[in-house]
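Asker: no sequence for this one, just the structure:
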């Protein structure tokens, strides 16, 4: 699909939401798309140097498959978030699912452009040193210039 | 089936079989054949879609001990 473009806006930062933009970006790039991903709000978490901080909570996640029914008050107990995160990562590893790091590296190798939303970086007072190198910082207008000509635009 | 390079993608899930196939083809010369072995059932359709979209013909498919085997020729 040479000549085709894909734009993704990544707004979420939990483990379950981290996969879709990275999988789609790396796959599209492998198929010849020119891909740009705009990370804003919680999506900025996916640009951190260390991705181990990406977590998932069982709390208020009624669609999450669980080994046994779990009442809400149990989901809210200390340690449950860490347990859910660790169990999900373990399951992914055993099924041969790529790590977020691997997917992100693949994106970089396939020349996927990462843009961090300057406004939300300032909003949350993040420091650029917390993020990976080689990313652009920009605003909506910059990203829309690319997205306006994209064949596929996704909001995640 | 003759092939020039083999990619063992067994045990890997989407999108790795496709992404690694692309990477393997990058280093190959036009006309060479890549053999990909995968255990991901989704890769059957994915490999065809990859072939259609990138123009690298999928010249043959096979099954080898429970795994799916694909032969792609670099365009």
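Answerer: Cool, the structure landed. Keep in mind the model is a prediction, meaning the values are calculated, not measured.
Asker: how close does whichever residue of chain B sits closest to chain A sit to residue A:82?
Answerer: Taking Cβ to the nearest Cβ, chain A has its nearest neighbour within chain B at residue B:22, 3.9 Å off. C-beta: built from backbone N, CA, C; applies to glycine. For residue B:22, the distance to residue A:82 equals 36 Å [Cβ to Cβ, to the nearest Å].
Asker: Surely the residue of chain B closest to chain A touches residue A:30?
Answerer: Yes. Using Cβ atoms under 8 Å, residue B:22 is in contact with residue A:30, at 3.9 Å.
Asker: Can you check which residues contact both of the two?
Answerer: When contacts are counted by Cβ atoms under 8 Å, 6 or more residues apart in numbering or on different chains, residue B:22 and residue A:30 are jointly contacted by A:110, B:50.
Asker: So for these two, which sits in the more crowded spot?
Answerer: residue A:30 (25 against 22; other Cβ atoms under 10 Å in any protein chain shown).
Asker: list the contacts for the residue most central in space within chain A?
Answerer: The centre of chain A sits closest to residue A:18, judged by Cα atoms, centre = their mean, with a distance of 3.1 Å. Neighbour list for residue A:18: A:12, A:45-46, A:51, A:54, A:100 [criterion: Cβ under 8 Å, 6+ apart].
Asker: and those, which are buried?
Answerer: Neighbour counting by 16 or more other Cβ atoms under 10 Å in any protein chain shown classes A:12, A:45-46, A:51, A:54, A:100 among the contacts of residue A:18 as buried.
Asker: Looking at these, spot the one nearest chain B.
Answerer: So of the buried ones among the contacts of residue A:18, ranked by how close each gets to chain B (Cβ to the nearest Cβ), first place is residue A:100, at 12.8 Å.
Asker: Spatially, what comes nearest to the closest one if we skip its sequence neighbours?
Answerer: residue A:51 (4.7 Å; Cβ to Cβ, 6 or more residues apart in numbering or on different chains).
Asker: What backbone torsions are found at the one you found?
Answerer: phi -90, psi 0 (degrees, to the nearest 10).
Asker: Just give me how far the helix or strand encompassing residue A:116 sits from the chain centre.
Answerer: Following DSSP states H and E, one finds residue A:116 within strand A:113-117. How far strand A:113-117 lies from its chain's middle: 12 Å, per Cα atoms, centre = their mean, to the nearest Å.
Asker: Which other helices and strands does it contact?
Answerer: Contact analysis of strand A:113-117 by 3 or more Cβ pairs under 8 Å, 6 or more residues apart in numbering or on different chains; DSSP states H and E lists strand A:34-39, strand A:136-138, helix A:140-147 as its packing neighbours.
Asker: Would you mind telling me which of the ones you listed is nearest chain B?
Answerer: Of the helices and strands packed on strand A:113-117, nearest to chain B by Cβ to the nearest Cβ is strand A:34-39, at 12.7 Å.
Asker: What strands line up against that closest one, and which way round?
Answerer: Applying DSSP bridges, strand A:34-39 is found paired with strand A:5-10 (parallel), strand A:113-117 (parallel).
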